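> here is a sequence together with a model predicted from it:
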Amino acid sequence: MNHQSESFQTGNQSPVNHPARAPVSSAPPPGPAAGRILIASGHADPQTARALSLAGHEVHECRDLRGLCLALKHQKPDVVFVEQSAIGPLDQALRIIRGRHQSVPVVLLTGDAHPGLNPIRYGYYGVLSHPVDAEHAMVLTAHALAHHRMSLRIAELEVETSTHGFFGLVGRSAPARRLYHKLQAAAASDVHVLLLGESGSGKSLAARAIHDRSARARGPFIALNATRLSETAFSAEALINRSLGAPDLRRNGALDDADRGTLYIANIDALAPRLQDKLFETLCDPSRSDFRLIASATEGLDQALERGAFRRDLYTHIVQHPIRLLPLRARPADIAPSSEVVLEELAREHGRGRLMLAPEALSALEKYPFPGNLSELRQVLASAVQHTMGEVIEIDALPVTVRGTRVSHSGEHSVASLPPDSGQQRRGLLFELLSRAPMKMRDIEKTAIEACLQRTGDNVTQAMRELGIGRTTLYRKLKKYGRR
């Protein structure tokens with residue numbers, strides 16, 4: 001064994017007669033000493049656990065690999081001690097622990113004072129040999145705790161000092177930074193997460209960021225939309241080609257494919273009752289498939305609970321860590337950096353050079369409420385790129401609903417001057433009208449048909465062309481509204 005692993009070993013010899021023990025006996029690093037310690041050992045060695053408990057640590061013990069898996073699921077340890085005889089091959093325990101907690105230090109307990117392979121090369125923080133010296137274990141624990149907390153602090157500083165965003169999410173405003181800290185905290189744990197926010201607010205990006213930052217980052221990320229999810233795609237219940245005499249081949253569903261990874265279900269409030277049952281059964285029995293669930297929903301989830309359309313016991317599973325994403329209009333300072341990233345993507349897609357917004361165009365974007373949030377921002381910029389020849393996007397290239405809308409001191413919207421009789425002008429006028437007072441879709445459709453017939457002198461052929469509908473559809477609507 002090399003010198004690095006020898007410095008962490010202990011035996012029956014006295015510390016005075018063992019020069020290799022000298023560096024370990026140095027004072028532990030400053031900072032809070034207490035931590036959560038998990039010990040997976042097949043030996044009945046209460047002395048070590050008792051010594052760590054007396055030092056102020058919260059100690060939990062298990063006896064085998066199954067107990068270790070259960071403990072890692074329900075606890076968040078700061079240091080883990082594992083014994084090779086209890087957990088099997090050296091790399092197996094590390095895979096299990098890293099799958100739950102990526103940065104936690106792992107110390108190997110071994111009965112061999114000189115193991116043939118260096119466990120530290122596998123990724124173990126240190127090695128202790130039986131019988132374990134209590135003082136040595138406490139010093140090593142203090143150093144491991146300091147190492148773990150430093151790793152967590154570095155991750156926090158990466159979020160705080162980021163000048164661009166967080167794993168695909170863009171924004172530098174105070175609300176954005178608060179969101180990044182919540183996502184980082186969710187990534188550091190292994191509990192299920194519920195993302196709440198308006199459509200287009202970036203919930204799928206947040207889910208992916210949590211996965212990429214978590215201990216499950218090397219596992220699969222399975223993304224589903226509950227509004228168009230079939231039972232066959234969700235679970236492995238369908239048999240293939242049975243009618244043709246083929247063997248019973250099972251097709252994996254999302255619940256199986258997400259094993260050791262993350263399952264993201266968008267619009268979970270729209271999940272069918274039968275699929276809710278399957279998901280609940282799987283969450284209650286992790287042995288079937290070990291995945292972390294991230295779900296997203298709008299305000300419709302509360303309504304589904306009130307109607308009884310969503311299982312309340314399933315809701316208690318997915319609401320362990322709720323995170324709310326603010327709409328884009330609530331953080332206008334993030335429109336500029338978000339636009340920069342979107343324009344970079346559009347430039348690559350269209351083979352264009354560098355694209356940027358003129359000051360007037362950026363000002364118009366920052367004043368627009370963006371009811372469609374980030375999705376609408378991308379659509380607006382994609383349209384502007386199509387109408388721009390150079391690298392600078394002027395305000396005239398923006399859709400009229402964006403460049404023609406400005407907030408006055410009274411809070412009302414007004415339409416800017418536009419080329420006469422343009423489609424953009426008509427949409428802008430309609431937008432102005434609807435922003436002042438809501439109208440039902442029936443009234444909007446009826447008014448559009450009546451205005452078109454009046455303009456064309458009741459010429460049905462011309463009216464159907466201008467309205468973009470067929471003759472049969474137009475006659476049906478005229479009958480519906482009492483015009484024919």
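Received, thanks.
> contacting residues for the residue nearest in space to the middle of the chain?
For the chain, the residue nearest the mean C-alpha position is A207 (1.6 Å; Cα atoms, centre = their mean). Taking Cβ atoms under 8 Å, 6 or more residues apart in numbering, we find A207 in contact with V193, L195, A223, T262, Y264, I294, S296. Bear in mind the C-beta positions are built from the backbone N, C-alpha and C, glycine included.
> hmm, try it at 6 Å
Y264, I294 (Cβ atoms under 6 Å, 6 or more residues apart in numbering).
> got a pLDDT number for it?
Residue-level confidence at A207 comes out at 92, pLDDT.
> and the gap between it and S296?
Per Cβ to Cβ, to the nearest Å, A207 is found 7 Å from S296.
> hmm, back to that, now the helix or strand containing the residue nearest to the centre of the chain, how far from the centre of its chain.
Element membership for A207 (DSSP states H and E) is helix 203-213. Relative to its parent chain, helix 203-213 has a centroid offset of 3 Å by Cα atoms, centre = their mean, to the nearest Å.
> could you do stretch 53-68 as well?
Counting by Cα atoms, centre = their mean, stretch 53-68 comes out at 31 Å from the chain centroid.
> measure it end to end?
Stretch 53-68 has an end-to-end distance of 19 Å (criterion: Cα to Cα, to the nearest Å).
> quick check: buried residues in that stretch?
A55, H57, V59, H60, E61, C62, L65, G67, L68 (16 or more other Cβ atoms under 10 Å).
> same deal with stretch 385-404?
Neighbour-count burial for stretch 385-404 [16+ other Cβ under 10 Å]: 385, 388, 393-395, 397-404.
> what's the answer for stretch 189-203, then?
Applying 16+ other Cβ under 10 Å to stretch 189-203 flags 189-190, 192-203 as buried.
> check stretch 311-328 too.
R311, L314, Y315, H317, I318, H321, I323, L325, L326, P327, L328.
> could I get these in JSON lines, plus columns for secondary structure, pLDDT and distance to E376?
Listed next are these as JSON lines, based on DSSP: H, G, I helix; E, B strand; the rest coil; pLDDT from 0 to 100; distance: Cβ to Cβ, whole Å:
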{"residue": "R311", "secondary structure": "coil", "pLDDT": "92", "distance to E376": "33"}
{"residue": "L314", "secondary structure": "helix", "pLDDT": "92", "distance to E376": "31"}
{"residue": "Y315", "secondary structure": "helix", "pLDDT": "92", "distance to E376": "30"}
{"residue": "H317", "secondary structure": "helix", "pLDDT": "86", "distance to E376": "32"}
{"residue": "I318", "secondary structure": "helix", "pLDDT": "88", "distance to E376": "27"}
{"residue": "H321", "secondary structure": "strand", "pLDDT": "89", "distance to E376": "28"}
{"residue": "I323", "secondary structure": "strand", "pLDDT": "93", "distance to E376": "22"}
{"residue": "L325", "secondary structure": "coil", "pLDDT": "92", "distance to E376": "15"}
{"residue": "L326", "secondary structure": "coil", "pLDDT": "89", "distance to E376": "15"}
{"residue": "P327", "secondary structure": "coil", "pLDDT": "89", "distance to E376": "11"}
{"residue": "L328", "secondary structure": "helix", "pLDDT": "89", "distance to E376": "8"}
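> list the buried residues in stretch 265-281.
Those would be I265, A266, N267, I268, D269, A270, L271, L275, Q276, K278, L279, F280, for stretch 265-281 by 16+ other Cβ under 10 Å.
> so of these, which ones are in helices?
Residues of the buried residues of stretch 265-281 located in helices (DSSP state H): L275, Q276, K278, L279, F280.
> gap between the residue lying closest to the last one once chain neighbours are set aside and A206?
The shortest distance from F280 to any residue other than its chain neighbours is 4.7 Å, reached at L314 (Cβ to Cβ, 6 or more residues apart in numbering). For L314, the distance to A206 under the criterion Cβ to Cβ works out to 21 Å.
> one more: H143?
35 Å.
> mind listing the residues bridging to H60?
L38 (DSSP bridges).
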